[in-house]
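# Next come a sequence and a model predicted from it.
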Amino acid sequence: MNSDSESQFVEERLTLEADIVCVGFGPATGGFLTTLSRQMVLPDGTTSLESSCAPGMPLQVLCYERADDLGFGVSGAVTRGRSIRASFPDLDPSAIPMATKVGNEKLVYLLDPVGASRRSASLRIADRIIRWLPRAFRSTHQAVEVPWTPAFLHKSDGLVLSIGQFNQWVASQLLGTAQLWPGVPVAEALVEGDAVVGVRLMDQGTDKAGVPEPGFMPGMDVRAALTVVADGPVGAVGRQLDDAFGVPEGHSEHDWAVGMKMVVELPESIDLEPGTVIHTFGYPEPEIFGFLYVHPDRIASLGVFVPSSFRNPSRTAYRTMQHWMLHPYIWRYLKGGRLRSWGAKSLQESGRRGEPHLVGNGYARIGEGSGSTNVLTGSGVDEAWMTGVQLAEGVIELMRQGKPFSKENLDRAYVQRRRSSWIEHEGRIAAKARDGFQRGAVLGLLGMGLTAFSGGRLSVPGKQRPLPSLEEYFGDRITRAEIQEIRQACNASGSSLHDALMDKSGWPEIPFDGQLLMSHQDALLLGGKVQAMPGYADHVRFTDPESCKACSSKVCIELCSGEAITPGLDGVPQFDREKCVHCGACLWNCTSSGRNGRDLGNIAFTSGAGGLHSAEN
């Protein structure tokens, strides 16, 4: 909104007082509110934590979630569930829809059945040796089930979950007066001097550029003694705090991935036991990991992770996932299945090294955006939950002592708890686990093993490199003239390059069946349930159009999970929020130079409404 419009409406902005306001509802906030609510209302019905903004009343706690429902998560997950079980000692997984105990776990190396994968010389030699092995030592489905799974990958006694269903269940378990408000995006934190004093909700009744229209309603200011920021790795409030207060020395957010996922109804002939967990590596490209988790009632969550170390500048998660699904080892379980829902999510894989300032005057950060993800074990749900529990324990301690939520007090009550826990210990071990992937898949896998078995003392070093140009990456398979012809044709049709480039590089076409294998846009319509509410400003903007015009790769278009970013006639990508699933892949894939001294690229990813609408994800 421009300054004139702002001044016109600022007097109408309402203010609400609360004790605690939370930004985002996921596993971290679930852990926080579960722990806090048990002190808000004791078993005898009395209140132990009273409000400071409303004397004589229980603690006033508000939680705002961008998505239209608390159950609109975007992930099937497998987790050890240590902290979750500690919060619910008598937990019965069958009480949570789609949840079950982890059973059989497998680690599978997938060979290349089509000959299009880019494999190093060492991998090609290894593949040839594997194919020469007697049938007893290899699968008949172009794969090898690794006979020994490293301990760090095991999720023994863990849980297979639908995050959407889990979030809904957690919300139903909360006690006390915590108020949950889905469908209410938080625009920004209220920063006064060196303190956060609450949040401002998004303006409503604007056009896509944020200009007020008839029916305009300024977003309310919610002032609180403590603001809990749990808006994930691409959350606008978390990134605002990084800009306002800086980040710790050595802070690095260079390691990301996009997870592309489906929930599938398996064919009746498939008898995979609920709790079956399959991890894959080696195909469609050596850097890409796949997963298949089996829920009760023949439902499976499956998909791939496309990491920042993947060198392809036209990287696409959707078609990559389809080729992974069609691998003979995986397809034997899926053939005849049906898509139920679909989703995508960015993952902050810098882990401990991407940790921001966890606390400041009036605020604390928890969850994935706080650097809690363990990049060695590929685990984040349990870790996020634990950070929420730790903050709640610290908050309860400070409130009982009558102390304010200052940086010093929060550091002692929350950060020190975190530093002395398994979150910190395991996070430090895993800090360099993924570095080797910057030098290739083989060295990356070797680095993970070294890191795990040495307790973090050894690793394979690697430094992030800029992505190659299309001509550099595809030059051994496609001529420069052909690449230019493809670029011109795709720009004219308003489509991304990856399908044409993959076709030309030897990847077979996807045999669409209308049930499980379908176009990206059909999956978006049938399985993603994307909807953007009117009356809000667009949440994706290209801050420097000239940089976009000069960019030849436009990775933001290629990896957009919902094909919401497409070529524009003037060289600046165009954004259609009706297709955006809020994964944030465009933010970390922008190859333009950084701004504000940090590697943030040329995309502003702000708060916004809409996104995926599926409680099964």
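Looks like it arrived, so ask away. Numbers count the residues shown, from 1 in each chain.
# which residues sit in contact with the nearest residue to residue 552 once chain neighbours are set aside?
Distance criterion CB to CB, 6 or more residues apart in numbering; nearest residue to residue 552, sequence neighbours excluded, is residue 469 at 6.3 Å. Glycine gets a C-beta too; all of them are placed from N, C-alpha and C. Taking CB atoms under 8 Å, 6 or more residues apart in numbering as the criterion, residue 469 is in contact with 313, 552, 553.
# Looking at neighbours, which among the residues you listed is most surrounded?
When neighbours are taken as other CB atoms under 10 Å, the top entry among the contacts of residue 469 is residue 313 (25 neighbours).
# Surely that one and residue 471 touch.
No: Residue 313 lies out of contact with residue 471 (CB atoms under 8 Å); the separation is 9.8 Å.
# Can you tell me the SS state at residue 451?
helix (DSSP: H, G, I helix; E, B strand; the rest coil).
# Please report the distance of it from residue 348.
18 Å (CB to CB, to the nearest Å).
# for the protein, longest helix please?
helix 381-401 (DSSP state H).
# now for it, which elements pack on it?
Judged by 3 or more CB pairs under 8 Å, 6 or more residues apart in numbering; DSSP states H and E, the packing partners of helix 381-401 are helix 27-40, strand 76-79, helix 82-87, helix 407-410, helix 416-419, helix 422-430.
# Just the strands from the stretch 101-250 of the chain, written as ranges.
In the stretch 101-250 of the chain, the strands defined using DSSP state E, counting those that start in this stretch lie at 105-110, 143-145, 159-162, 179-182, 186-192, 195-201, 204-206, 212-217, 221-229.
# which other helices and strands contact the longest one?
It refers to strand 221-229. strand 15-23, strand 61-65, strand 186-192, strand 195-201, helix 236-245, strand 363-365.
# What angle do strand 221-229 and the fourth one make with each other?
Angle of strand 195-201 versus strand 221-229, following axes from the mean of the first three to the mean of the last three CA atoms, to 10 degrees, is 110 degrees.
# Let's see strand 195-201 as CSV, backbone CA atoms only.
As requested, the backbone C-alpha atoms of strand 195-201 are provided in CSV (Å, rounded to 0.1, in the frame of the first residue of the first chain):
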residue,chain,number,x,y,z
ALA,A,195,11.7,-5.0,20.8
VAL,A,196,8.9,-6.9,19.1
VAL,A,197,5.6,-5.8,20.7
GLY,A,198,3.1,-8.0,18.7
VAL,A,199,2.0,-8.5,15.1
ARG,A,200,-0.1,-6.8,12.4
LEU,A,201,-2.6,-8.8,10.5
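# what mean pLDDT does it have?
Mean pLDDT, strand 195-201: 98.
# List the contacts of it.
With CB under 8 Å, 6+ apart as the test, strand 195-201 has contacts from 18, 21, 23, 64, 184-191, 219-224, 227, 237, 241, 360-363.
# do the same with the shortest one
Strand 363-365 has contacts (CB under 8 Å, 6+ apart) with 189, 196, 226-230, 238, 241, 356-359, 391, 405, 410, 414.
# From those, list just the buried residues.
189, 196, 226-230, 238, 241, 356-359, 391, 405, 410, 414 (16 or more other CB atoms under 10 Å).
# Could you list which residues are in contact with the closest residue to residue 540 other than its chain neighbours?
Among residues not flanking residue 540 along the chain, residue 575 sits closest, at 4.7 Å (CB to CB, 6+ apart). Going by CB under 8 Å, 6+ apart, residue 575 touches 538, 540, 541, 542, 564, 565.
# how does it look with 10 Å?
208, 538-542, 556, 560, 564-566, 568, 586, 603 (CB atoms under 10 Å, 6 or more residues apart in numbering).
# which residues does it bridge with?
residue 565 (DSSP bridges).
# quick one: it and residue 523, what's the gap?
Taking CB to CB, one finds residue 575 at 19 Å from residue 523.
# just residue 544 next, same as before
Residue 544 is 32 Å from residue 523, by CB to CB.
# repeat for residue 220
Taken as CB to CB, the span from residue 220 to residue 523 is 36 Å.
# between these two, who's got more neighbours?
Each of residue 220 and residue 523 has its neighbours counted (other CB under 10 Å); residue 523 has more, 22 against 17.
# The more buried one: which element?
helix 520-523 (DSSP states H and E).
# which other helices and strands contact that helix?
helix 317-325, strand 338-348 (3 or more CB pairs under 10 Å, 6 or more residues apart in numbering; DSSP states H and E).
# tell me the mean pLDDT for the following helix or strand past that helix?
Sequence order places strand 540-542 as the next helix or strand after helix 520-523, per DSSP H and E. Computed over strand 540-542, the mean pLDDT rounds to 93.
# What are the buried residues along the next helix or strand along the chain from strand 540-542?
Once strand 540-542 ends, the next helix or strand along the chain (criterion: DSSP H and E) is helix 545-550. Residues 547, 548 are the ones in helix 545-550 that count as buried (16+ other CB under 10 Å).
# do the same with stretch 232-249
For stretch 232-249, burial by neighbour count (16+ other CB under 10 Å) applies to 232-242, 245, 247.
# mind checking the end-to-end distance for that stretch?
21 Å (CA to CA, to the nearest Å).
# for stretch 608-617, same thing?
Start and end residues of stretch 608-617 are separated by 20 Å (CA to CA).
# Many thanks, have a good one.
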